[in-house]
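S.K.: predicted structure and sequence below. I'll ask about it afterward.
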2 protein chains.
Amino acid sequence: MYNLAMKVSELGEFRLIDLLADAAARSKPAEASSWQQVLVGIGDDAAAWRSDAPVQLATTDTLVQGVHFTLDTIAWEDLGWKALAVNLSDIAAMGAVPRYALLSLALPGDSEVEDMAALYRGMAKLANQFGVALVGGDIATAPLVVITVALWGNGLGGDDLMLTRSAAVPGDRIAVTGHLGSSAAGLKMLRQKLRFEPETTAFLKEAHLRPHPRVAEGQMLARHGVKAAIDISDGLIADLAHVCRASKVAARIRVDRVPVHPRLRASFKDDPLGLALSGGEDYELLFTARRGLIDRVKKAADCPISIIGEIVRGEPGTVTLTDEAGKAFDWQGRGWEHFVSTGD
Amino acid sequence: MYNLAMKVSELGEFRLIDLLADAAARSKPAEASSWQQVLVGIGDDAAAWRSDAPVQLATTDTLVQGVHFTLDTIAWEDLGWKALAVNLSDIAAMGAVPRYALLSLALPGDSEVEDMAALYRGMAKLANQFGVALVGGDIATAPLVVITVALWGNGLGGDDLMLTRSAAVPGDRIAVTGHLGSSAAGLKMLRQKLRFEPETTAFLKEAHLRPHPRVAEGQMLARHGVKAAIDISDGLIADLAHVCRASKVAARIRVDRVPVHPRLRASFKDDPLGLALSGGEDYELLFTARRGLIDRVKKAADCPISIIGEIVRGEPGTVTLTDEAGKAFDWQGRGWEHFVSTGD
């Protein structure tokens, strides 16, 4: 229907919107309940849908070219995936069900239309996986690419079935889903053009470019009665510090318990732990709860869950690292204090 | 509590979020029902609120420095006001009730903290006027300022109490609220440093920098049974063409009936009509309905409402201009065809 081999400025804003609306209409899974509730989709002043959820949630995240990504290391389709993934991860961290998304795209007029179609395709692939309806957005001219997604969802039930940063209490154990540091390792590999065996390359690339937000796991945690969680986007220590600050508690981490994937350990021998502690963009969930509850959650989970430390009384926002012998972990001035002190 | 005389990079992202959260907490009207329903505000992974509205609406709009604004012609507080106003206008054009907003702010690290506080203050002033709760957002570094607001609201009732672009039918009269062209005239005045008498200067400045979205009017239209509307952001002809395209109809405009404010007519003698027809950023509502319904709406409205033309059968998206004698209006190649043809 459209010639994709042209610039956005030649196609025009309104035709680009038509093109994306067509793509959305073609790719949407007819059975998704979010799409079935849409009253007004792309192309009007606002999107509209029917809702009967008593609790609504919303989040937004922006990716800026040259700051959060460079087009040297990420393809447009991956970028679309990731722009939605970082928002899905926020909804996952609240234990909620993602439902509707809007895409705001600021981009240079000489952007290729087929690149925008690829970006949208990547976003739609992930959206369809989680039953999220892309119902609208905005396109604007800018000297560089800025992608903002606004995403909202439904709470699982009443006010109390929700995960927040502010619910950690002394005595809670600290647990994380999956493995940490692989995304940062992937970025390092892409930037420095490091070479590994094909399986490791694919693993690290996927970890960085196509993160899988823990949406099902977040809901499972909330259903089991977990109250405190955050997604790991800034890095384990930084995000744990956010939880501690919001909950007015401190935390102790046993660094030997931080889960590092064997492929990361094998490929980044000199500092896998550094990547795991402060690398960021893992989009795993960090949560805190009593040990018995975490044991029950572990049995119900389809992914690895590791207990890595505990919440303690102390200067709010402080994270202390120890080794397996309980001694202060020598961080060799790698600068994690920077993270711990942010927002004091 | 915070020293405002510093750069954003010195304060840090998390402290800036704290500062804005404090500002939000201090400025919010305790009686606003949106705020009373907030479960989780600024500072967690997502915002959350209680809702019992059966129809939800959402919109987003981005303002890019150098494209939508320059800091030569707009103050930070006005920019905050305007970034929310353009979104409120979209919700107004659906006949809905705005409720919750998220602010995504991409900005250079050397931005002044007090400028960000002013931006937020402007946004909060307008938000409070309409009972909108600013519940969260995102702050990112970027080489230029990009402001994206995501706003959502409640429908007035069931599916049928909504204004859309696609409901215009032949025989409908076309009406607009208020006056057109004043915002474009204000921009021209600011850019070209034109000088008028103080009242005119103040009027044109306000029209461009502090638009008043027609939120109450949009709801009034929907309650009276109006079905088709759009807000005038791209310009009268361009936005009417959007309605015609979405509704698969054509339109005829009587240019002598397009409402131009006396102050605009007096200050821009050579082309007040050009500004009114294609200037844009008026944030007035354009709607279509049978004449009898428009007459009833006029009686109920607190603002001027002018009938300017009618919806006719024809090539979808086509807008024809005529003078008071019914003759094709000589547009002297001012380029309005560009607008009419977009999205064909």
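M.R.: Great, that's in hand. Numbering: from 1, shown residues only, chains lettered A, B, ... in the order given.
S.K.: what distance do you get for A:F203 to chain B?
M.R.: As judged by CB to the nearest CB, to the nearest Å, A:F203 and chain B stand 26 Å apart. Where you see a C-beta, it was placed from the backbone N, CA and C, and this is true even at glycine.
S.K.: residue contacts, A:L4?
M.R.: Counting by CB atoms under 8 Å, 6 or more residues apart in numbering or on different chains, A:L4 touches A:112-114, A:117.
S.K.: ok, A:L190 next?
M.R.: Here A:L190 is in contact with A:73-74, A:205, A:208 (CB under 8 Å, 6+ apart).
S.K.: nearest to chain B, of the residues you listed?
M.R.: Of all the contacts of A:L190, chain B sits closest to A:I74, with 16.3 Å by CB to the nearest CB.
S.K.: where does pLDDT dip in the stretch 101-250 of chain A?
M.R.: Within the stretch 101-250 of chain A, no stretch has pLDDT under 70.
S.K.: what about the strands in it?
M.R.: Taking DSSP state E, counting those that start in this stretch as the test, the strands found in the stretch 101-250 of chain A are A:133-141, A:146-154, A:173-177, A:228-231, A:250-254.
S.K.: can you tell me the closest non-neighbouring residue to A:S104?
M.R.: A:T148 (4.1 Å; CB to CB, 6 or more residues apart in numbering or on different chains).
S.K.: how about that neighbour, what does it touch?
M.R.: By CB under 8 Å, 6+ apart, the residues touching A:T148 are A:60-63, A:103-104, B:60, B:62, B:104, B:138, B:146, B:148, B:150.
S.K.: redo the residues you listed as JSON lines? Include distance to A:T177.
M.R.: Formatted as JSON lines, those follow (distance: CB to CB, whole Å):
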{"residue": "A:T60", "distance to A:T177": "23"}
{"residue": "A:D61", "distance to A:T177": "20"}
{"residue": "A:T62", "distance to A:T177": "25"}
{"residue": "A:L63", "distance to A:T177": "23"}
{"residue": "A:L103", "distance to A:T177": "27"}
{"residue": "A:S104", "distance to A:T177": "29"}
{"residue": "B:T60", "distance to A:T177": "30"}
{"residue": "B:T62", "distance to A:T177": "33"}
{"residue": "B:S104", "distance to A:T177": "27"}
{"residue": "B:D138", "distance to A:T177": "23"}
{"residue": "B:V146", "distance to A:T177": "32"}
{"residue": "B:T148", "distance to A:T177": "30"}
{"residue": "B:A150", "distance to A:T177": "28"}
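S.K.: closest to A:V255 among those residues?
M.R.: Nearest to A:V255 among the contacts of A:T148: A:D61, at 28.8 Å, using CB to CB.
S.K.: whatever helix or strand that closest one lives in near chain B at all?
M.R.: Assigned by DSSP states H and E, A:D61 belongs to strand A:55-64. Yes: applying CB under 8 Å from any CB of the partner chain, one finds strand A:55-64 in contact with chain B at A:55-64.
S.K.: return the list of helices and strands in contact with that strand.
M.R.: helix A:76-92, strand A:146-154, strand B:47-50, strand B:97-107, strand B:133-141, strand B:146-154 (3 or more CB pairs under 8 Å, 6 or more residues apart in numbering or on different chains; DSSP states H and E).
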